[in-house]
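Visitor: Need a 3D model of the sequence below.
(one chain, ligands or ions: 2)
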Amino acid sequence: MEAKISSKQGLKTATKVWKECLKIIKENVPNITYNTWFLPIKPAELNDGVLKVEVPNSFFIEWIEEHYNTLINKTINQVLGENGKLVYVIVKEDDTLDLFDDVQPLKPSVISSEQKPEEEHETFLNPKYRFDNFIKGEGNQLARAAAIAVSENPGETSFNPLFIYGGVGLGKTHLIQAIGNKIVNESKKKKVIYLSADIFTVEFVEAIQNNTVNEFSNFYKSMDVLIIDDIQFLIGKEKTQDLFFHIFNTLHQAGKQIVLSSDKPPKDLNGLNERLISRFQWGLTTDIQPPDFETRIAILNNKAKSYGISLSNEILEYIAYNITTNIRELEGCLIKLLANASLSSAEINFELVKKTVKEIATVRETNISIDYINKVVCEYFGVDENKVREKNRKKEVVIARQVAMYLSKKLTRSSLKTIGLHFGGRDHSTVIHAYNNIDRLIEEDPSLKESIDTIRNKIELGV
Ligand code: ADP
Ligand code: MG
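Guide: Residues are numbered from 1 along each chain as shown. Ligands and ions are numbered 1, 2, ... in the order given. Below you'll find the predicted structure:
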């Protein structure tokens, strides 16, 4: 009873204190900054001079600390005295989207270290990845539906393992973590763990060094739900694969759920043990494709709302039209837009949007060189880079050369002539021929298309 009263009183003073702070902040920052970054902050609690406030996501904290730390500290000291402190907690966003009627918003709840349910192990799940803020689109429909089914009956559907693959920044991590978060939220008893395959490998190596391989293996075997991201990192790591194979079998036999993600389908994971590949295909394998125009708009709209701003249709369409390959880049554009608006204290208008989109596109284009593209392509096809520049007619060299030319045309602003020069002084008609040839082959041969997507992701990631 007492606790209740004091927390109520705490809330009241927290509100008052924060109001005073806002007053000071408002006088010291541009309006747009105030509205974007400070207004969405909600006071939560005041205890011993520590003001706890709720922010919509970690980006807020990073942004404010980077740009307004001094102002915040000064303000807090002014209002709460020299020992006053501000602590941020992240609140799950309640981002209802009228565009999607089957999306169920979660009740907002505060995630902070004190309020976490007691559990024996860390799940490593990021609470920001949920189904209610994952926008459904044609490209992710099946993956999303399967993920939801698995989260509702972990280990009890035929989707075991659930294997989701697709290019960079398309939502694999979001989706597989959403499964974990849903299960944990619904039943505190379920032991869920999320980690990427490279962390798994690092931990395994440590376990070998510390002589704790058994404990390590038993720990993972004791899970109800094991979620491993980017399983392609196991490629070439045979010992880790062996151990993972045993963990997989134990869990699968016990009816425990396994969820995996990868940049390619199981059958293309060259360098992964066949017995693992065959097990990965036991359940459901499904891909995520890049989002279409409408989905890109919906994602942008949703994200903008979570930052507390609303953008006009014209602006949303412009961004969605110009940034097409990757959702991470869409988000990056939005963040950059907010940053630009906030720094120059400008309104978010069409001019600013154009400038921001251009900045992002320029970064992408100027940073990719033809030689770099050639290097990544040759690595992929296992061909010597120099052979591509020589007059070599071997089939694999010809394909590598044509793919490299094709991607140079797609990913740089270089002229056909310049591209030709980079490939042993070939003329522009050779480049056109290569481009057209690959363009046609992609239509006929899905595995070539997949290879090129993979290479493209590698190139764009490596920049
Ligand atoms: P991947 O693991 O496939 O590289 P991520 O899951 O990390 O991609 O997604 C990149 C970013 O895009 C994340 O911030 C994620 O929340 C967001 N995102 C991806 N797909 C969607 C979607 N369908 N709806 C909303 N946000 C998405
Ligand atoms: Mg990922």
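Visitor: quick one: buried residues of stretch 154-173?
Guide: 154-155, 159-173 (16 or more other CB atoms under 10 Å). Quick note: C-beta positions are derived from backbone N, CA and C, even for glycine.
Visitor: model confidence over that stretch, on average?
Guide: Stretch 154-173 shows a mean pLDDT of 95.
Visitor: thinking again about what came up before, I'd like the list of the buried residues of stretch 154-173 that fall within strands, please.
Guide: Per DSSP state E, strands hold the following members of the buried residues of stretch 154-173: L162, F163, I164, Y165, G166.
Visitor: Against N211, how distant is the fourth one?
Guide: Right, Y165. When distance is defined by CB to CB, to the nearest Å, Y165 is 35 Å away from N211.
Visitor: just the buried residues of stretch 154-173 that are near ligand 1?
Guide: The subset of these lying close to ligand 1, counting by CB under 6 Å from any ligand atom, consists of G166, V168, G169, L170, G171, K172, T173.
Visitor: Of the residues you listed, which is the nearest to V89?
Guide: The shortest separation between V89 and any of those is 22.9 Å, and it belongs to T173 (by CB to CB).
Visitor: Residues of the stretch 151-300 of the chain that sit close to ligand 1?
Guide: Residues of the stretch 151-300 of the chain found near ligand 1, taking CB under 6 Å from any ligand atom as the criterion, are G166, V168, G169, L170, G171, K172, T173, H174, I299.
Visitor: who's in contact with the third one?
Guide: Right, the one you point to is G169. Contact partners of G169, counting by CB atoms under 8 Å, 6 or more residues apart in numbering, are T325, N326, I327, R328, E329.
Visitor: Please indicate which of these are buried?
Guide: A residue is treated as buried here by neighbour count (16+ other CB under 10 Å); on that basis the buried members of these are T325, N326, I327, E329.
Visitor: Can you add pLDDT, secondary structure and distance to N457 and give those back as TSV?
Guide: Output for the buried ones among the contacts of G169, formatted as TSV (pLDDT from 0 to 100; DSSP: H, G, I helix; E, B strand; the rest coil; distance: CB to CB, whole Å):
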residue	pLDDT	secondary structure	distance to N457
T325	79	coil	9
N326	85	coil	9
I327	93	helix	13
E329	89	helix	12
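Visitor: Now for those residues: which two are most distant?
Guide: The distance between the two most remote of the buried ones among the contacts of G169 (CB to CB) is 8.9 Å, for T325 and I327.
Visitor: quick one, phi/psi of the one residue in the chain that gets nearest to ligand 1?
Guide: Going by CB to the nearest ligand atom, ligand 1 is nearest to G171 of the chain, at 2.6 Å. Summarising the backbone geometry of G171 under the convention degrees, to the nearest 10, its torsions are phi 110, psi 20.
Visitor: Does it touch L330 like I think?
Guide: No - distance between G171 and L330: 11.0 Å, which falls outside the contact criterion (CB atoms under 8 Å).
Visitor: which stretches of the protein aren't confidently modelled?
Guide: Applying pLDDT under 70 to the predicted model, the residue ranges of the chain that meet it are 1-12, 58-59, 92-120, 362-367, 461-463.
Visitor: Now for I315: which residues touch it?
Guide: Contacts for I315 (CB under 8 Å, 6+ apart) come out as I348, F350, V353.
Visitor: Now narrow these to whatever sits close to ligand 1.
Guide: When CB under 6 Å from any ligand atom is applied, no member of these is adjacent to ligand 1.
Visitor: In ChimeraX, select just the buried ones from the residues you listed.
Guide: This is the ChimeraX syntax for the buried subset of the contacts of I315, where burial follows 16+ other CB under 10 Å:
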select :348,353
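Visitor: In CSV, list the contacts of I315 along with secondary structure.
Guide: Listed next are the contacts of I315 as CSV, based on DSSP: H, G, I helix; E, B strand; the rest coil:
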residue, secondary structure
I348, coil
F350, helix
V353, helix
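Visitor: for the contacts of I315, which one is nearest F381?
Guide: Once CB to CB is applied, the member of those that ends up nearest F381 is V353, at 39.3 Å.
Visitor: in terms of contact count, name the helices or strands touching the helix or strand where N302 lies.
Guide: Per DSSP states H and E, N302 falls inside helix 293-306. In terms of contacts (3 or more CB pairs under 8 Å, 6 or more residues apart in numbering; DSSP states H and E), helix 293-306 is packed against helix 313-322, helix 327-343.
Visitor: Out of those helices, which is the most enclosed?
Guide: Here the criterion is mean neighbour count by mean count of other CB atoms under 10 Å, and of the helices and strands packed on helix 293-306 the winner is helix 327-343, at a mean of 19.
Visitor: Distance from that one to the middle of the chain?
Guide: Relative to the mean C-alpha coordinate of its chain, helix 327-343 is positioned 15 Å out (CA atoms, centre = their mean, to the nearest Å).
Visitor: what's the answer for stretch 153-172, then?
Guide: When C-alpha coordinates are averaged (CA atoms, centre = their mean), stretch 153-172 and its chain have centres 15 Å apart.
Visitor: for it, how far is the first residue from the last?
Guide: Criterion CA to CA, to the nearest Å; first-to-last residue distance in stretch 153-172 is 20 Å.
Visitor: List just the one of the helices and strands packed on helix 293-306 that sits closest to M223.
Guide: When the helices and strands packed on helix 293-306 are ranked by distance to M223, counting by CB to CB, first place goes to helix 327-343 at 28.3 Å.
Visitor: which residues does Y68 contact?
Guide: I25, V29, W37.
Visitor: I meant E294, not that one.
Guide: Taking CB under 8 Å, 6+ apart as the contact definition, E294 lies against G137.
Visitor: what do you get if the cut-off is 10 Å, keeping everything else the same?
Guide: Residues in contact with E294, defined by CB atoms under 10 Å, 6 or more residues apart in numbering, are L99, I135, G137, E138, A320.
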